[in-house]
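Visitor: Mind looking at a prediction? Sequence and model below.
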Amino acid sequence: MAAASDPPILVTRDLTRRFGDFVAVDRLSVSVRTGEIFGLIGPNGAGKTTTIKMLTTLLPITSGDATIAGYDVRRDAAEVRRNIGYVPQLISADAQVSGYENLWVFARLYSIARAEREERIRDALQFMGLSGVADELVKNYSGGMIRRLEIAQALMHRPRILFLDEPTVGLDPLARDAVWEQIERLRGHYGTSLVLTTHYMEEADRLCERIGVLHRGKMVALGTPAALKESLGRSGATLQDVFIHYAGEEVELSGGYREAGRTRRVAVRLE
Amino acid sequence: MSPSVSSNAVASPVARGAGQRIAESLEQAIAIIGLEARKLAHDPSELLFRAVQPALWLIIFGGVFSSIHVIPTGAYTYLQFLTPGILAQSVLFISIFYGIASIRERELGIITKFLVSPTPRFVLVGARGLSASMRGLSQALIVILLAIALGVTLNLSVTALAGVVLAIILGAALFSTLSMIIASIVKTQERFLGIGQLLTMPLFFASSAIYPLSIMPGWLRPIALANPLTYLVDALRTLMLPNETGLYPLWLDLGVLLGVTLLLTAIESKLYPRMAQ
């Protein structure tokens, strides 16, 4: 496990993204410790995915700074990419080839030395419980298997930090549990720091050491699940209550057609 | 943290010389081309369906126009003249819809995984263009075999065939990159297919694929000369027809194809990352 004295793996200062007049992420300042599991929660459209896209170099930052593993996200994008893994909300495994081939490509894209390549692929498959289906086409995988393959793909190059955007959306409860269990083991085994978003409050509560609540692009609360629940000032409060307290009135208004379409498409594809 | 992680998790940025970067880029390009090859190996049906169209052009269109002798093709039979043109056409047709893959990958989310990898954008786009060449080469094999079966006399020397392979790789990369640019701009399947359809026929007819430039009306000729397909046709004709010298020297044809491909790749390298935003 990481020592308490390790520098933070991720630091943002006034991180901001605008789309025209709309401020999707508004002056976000946060620091994630090395080895920490950090959760971002908030209604659809709160800025979770936009934040992750900026941190993973997919989306240009409008203003502010972000540093990952000591590299500036804006200036050293190439070095940042070497140090991160990303499992997007949408499906990122290629259905037309086998699980093994999906990993084979990324082992090469990440310049994993030839001598190590086979071993890394085998390890990743084994770690994610996919050794038995490695040579099957991904189009024959179940939703949980696809997610686990995507995580395998994202951890093969041993990223210092892994971003998981709604890793369990569209999965049935059993598959969801399996994915979370792997994520927890992953941190224990490789010491990977994790930043994840989720809509499942019980899971965020169980897994995350600290949680940031995003609402309209702003971080409206930040702390350990226990501290967040305590902050409501009533006994027996759940993380669900925290969510409703900070972002409740938005739940019904959020999302919209495009968002709903995307989420459901993922859900359908994962079935 | 286990020791093996800290020792090889991060390569030192200082140690990345130009040589290493080039070696890595090459490896990355091979990976992307290899992925495409594996996809084609798992499901080659598209290649076979695609072969139907050039076969129809050669057998029916070629057959009819050979017998009526209305198109002046100099020392060559019309089928001889037509074969490189149909080959170029099949490369165009199989490449111009290649961008549909980008759109599908964008809708799924596959594209983000490539863009967060350390692969330079130019390598990502360039390798995808080259992957499309494999589809083009499969068409070449089919068209050439068909032409032989139809008794068309072609120059099939090793150098000529090597030249044909090179010209097709360039031509397929050119049109598939153009297709990816369109995909990056329109972003949806419906619009993409519409524009693809709209482009194919003008590109085809405003080229020397099925008739020589010399019989084109004056207004069409400059358009044909600005059309990259004309240069692919010219290169293929120079290579495949015995003693053909072509409109332009071979190096110029190939140079135009290479130059346009590099330009399009540079443009798409800027547009492609937007697909993930």
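Guide: Alright, I've got the coordinates.
Visitor: Identify the bridge partners of the residue nearest in space to the middle of chain A.
Guide: Centroid-nearest residue in chain A: A:Leu164, 1.5 Å away (criterion: CA atoms, centre = their mean). For A:Leu164, the beta-bridge partners are A:Val87, A:Leu196 (DSSP bridges).
Visitor: List the contacts of it.
Guide: A:Val87, A:Ile151, A:Ile183, A:Leu194, A:Val195, A:Leu196, A:Thr197 (CB atoms under 8 Å, 6 or more residues apart in numbering or on different chains). No exception for glycine: its C-beta is placed from N, CA and C like everyone else's.
Visitor: Between which two of those residues is the distance greatest?
Guide: Pairwise distances among those were taken by CB to CB; the largest, 14.7 Å, belongs to A:Ile151 and A:Thr197.
Visitor: And residue 10, what's its pLDDT?
Guide: Using chain A. For A:Leu10, the pLDDT comes out at 97.
Visitor: oops, chain B please
Guide: Reported pLDDT for B:Val10: 46.
Visitor: Also A:Leu207?
Guide: Reported pLDDT for A:Leu207: 90.
Visitor: gap between it and A:Arg117?
Guide: From A:Leu207 across to A:Arg117, the span is 31 Å (CB to CB, to the nearest Å).
Visitor: Name the residue in these two with the higher neighbour count.
Guide: Neighbour count, other CB atoms under 10 Å in any protein chain shown: between A:Leu207 and A:Arg117, A:Leu207 has more, with 20 against 17.
Visitor: for chain B, what are the low-confidence residue spans?
Guide: B:1-15 (pLDDT under 70).
Visitor: can you give me the strands in the stretch 151-271 of chain A?
Guide: Taking DSSP state E, counting those that start in this stretch as the test, the strands found in the stretch 151-271 of chain A are A:161-165, A:193-197, A:210-215, A:218-223.
Visitor: ok, the closest residue to chain A within chain B - contacts?
Guide: In chain B, the residue that lies nearest chain A is B:Gly109 (2.5 Å; CB to the nearest CB). Taking CB under 8 Å, 6+ apart as the criterion, B:Gly109 is in contact with A:Pro88, A:Gln89, A:Leu90, A:Ile91, A:Ser92.
Visitor: can you check B:Ser138 too?
Guide: Taking CB under 8 Å, 6+ apart, one finds B:Leu40, B:Leu47, B:Arg50, B:Ala51 in contact with B:Ser138.
Visitor: before we move on, which element is it in?
Guide: helix B:121-149 (DSSP states H and E).
Visitor: Can you mark which positions in that helix are buried?
Guide: Using 16 or more other CB atoms under 10 Å in any protein chain shown as the test for burial, helix B:121-149 gives B:121-140, B:142-144, B:146-147.
Visitor: and if you look at stretch B:88-108?
Guide: Quick answer for stretch B:88-108 (16+ other CB under 10 Å): B:88-103, B:105-108.
Visitor: With stretch A:25-32 instead?
Guide: A:Val25, A:Asp26, A:Leu28, A:Val30, A:Ser31, A:Val32.
Visitor: How about stretch B:36-55?
Guide: B:Glu36, B:Arg38, B:Lys39, B:Leu40, B:Leu47, B:Arg50, B:Ala51, B:Pro54.
Visitor: Just the CA trace of it, in CSV.
Guide: In CSV, the C-alpha atoms belonging to stretch B:36-55 read as follows (Å, rounded to 0.1, in the frame of the first residue of the first chain):
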residue,chain,number,x,y,z
GLU,B,36,-7.8,-4.9,-38.6
ALA,B,37,-6.3,-8.0,-40.1
ARG,B,38,-7.7,-10.1,-37.3
LYS,B,39,-11.1,-8.6,-37.8
LEU,B,40,-11.0,-9.4,-41.5
ALA,B,41,-9.8,-13.0,-40.7
HIS,B,42,-12.7,-13.5,-38.3
ASP,B,43,-15.3,-12.3,-40.8
PRO,B,44,-14.2,-12.0,-44.4
SER,B,45,-17.7,-11.9,-45.7
GLU,B,46,-17.6,-8.2,-46.5
LEU,B,47,-14.6,-8.7,-48.8
LEU,B,48,-16.6,-11.3,-50.8
PHE,B,49,-19.7,-9.1,-51.0
ARG,B,50,-17.6,-6.2,-52.2
ALA,B,51,-16.2,-8.2,-55.0
VAL,B,52,-19.5,-8.6,-56.6
GLN,B,53,-19.7,-5.1,-57.9
PRO,B,54,-16.3,-5.0,-59.8
ALA,B,55,-17.2,-8.4,-61.2
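Visitor: Might you report the residue contacts of B:Leu47?
Guide: Here B:Leu47 is in contact with B:Leu40, B:Arg135, B:Ser138, B:Gln139 (criterion: CB under 8 Å, 6+ apart).
Visitor: mind showing which ranges of chain A have poor pLDDT?
Guide: For chain A (pLDDT under 70), the answer is A:1-5, A:249-271.
Visitor: Just the closest residue of it to chain B, please.
Guide: A:Leu90 (2.5 Å).
Visitor: so is the spatially most central residue of chain B in a helix, a strand, or just coil?
Guide: With distances taken as CA atoms, centre = their mean, the residue of chain B nearest its centroid is B:Ala172 (0.6 Å). Following DSSP: H, G, I helix; E, B strand; the rest coil, we place B:Ala172 in the helix state.
Visitor: so who does it touch?
Guide: B:Val91, B:Ile94, B:Ser95, B:Gly129, B:Ala132, B:Ser133, B:Arg135, B:Gly136, B:Leu137.
Visitor: so which of these would you say is closest to B:Ile215?
Guide: B:Val91 (23.2 Å).
Visitor: Tell me what angle the one helix or strand that closest one maps to forms with helix B:121-149.
Guide: Using DSSP H and E, B:Val91 sits in helix B:78-96. Here helix B:78-96 runs at an angle of 150 degrees relative to helix B:121-149 (axes from the mean of the first three to the mean of the last three CA atoms, to 10 degrees).
Visitor: List of residues touching stretch A:126-136?
Guide: A:98-100, A:122, A:125, A:141, A:145, A:148-149, A:151-152, A:155, A:178, A:182, A:185-186, A:189.
Visitor: same deal with stretch A:88-95?
Guide: A:49, A:99, A:101-102, A:137-139, A:141, A:146, A:149-150, A:153, A:165-166, A:169, A:197, A:262-263, A:265-266, A:269-270, B:35, B:39, B:107-110, B:112-113.
Visitor: first to last residue in stretch B:244-254, what's the distance?
Guide: 16 Å (CA to CA, to the nearest Å).
Visitor: which bits of the stretch 51-200 of chain B sit near chain A?
Guide: B:107-110, B:112-120 (CB under 8 Å from any CB of the partner chain).
Visitor: Give the burial count for residue 114, as a bare number.
Guide: Going with chain A. For A:Arg114, using other CB under 10 Å, the count is 10.
Visitor: right idea, wrong chain: chain B
Guide: By other CB under 10 Å, neighbour count at B:Phe114 equals 23.
Visitor: ok, A:Val11 touching A:Gly64?
Guide: No: the criterion here is CB atoms under 8 Å, and A:Val11 misses it with A:Gly64 at 10.9 Å.
Visitor: of those two, who's got more company?
Guide: A:Gly64 (19 against 16).
Visitor: Surely that one is within a helix?
Guide: No: using three-state DSSP, the assignment for A:Gly64 is strand, not a helix.
Visitor: Skipping its backbone neighbours, what lies nearest it in space?
Guide: A:Asp14 (3.7 Å; CB to CB, 6 or more residues apart in numbering or on different chains).
Visitor: surely that neighbour meets A:Ser29?
Guide: Yes: contact criterion CB under 8 Å: A:Asp14 and A:Ser29 qualify, at 5.9 Å.
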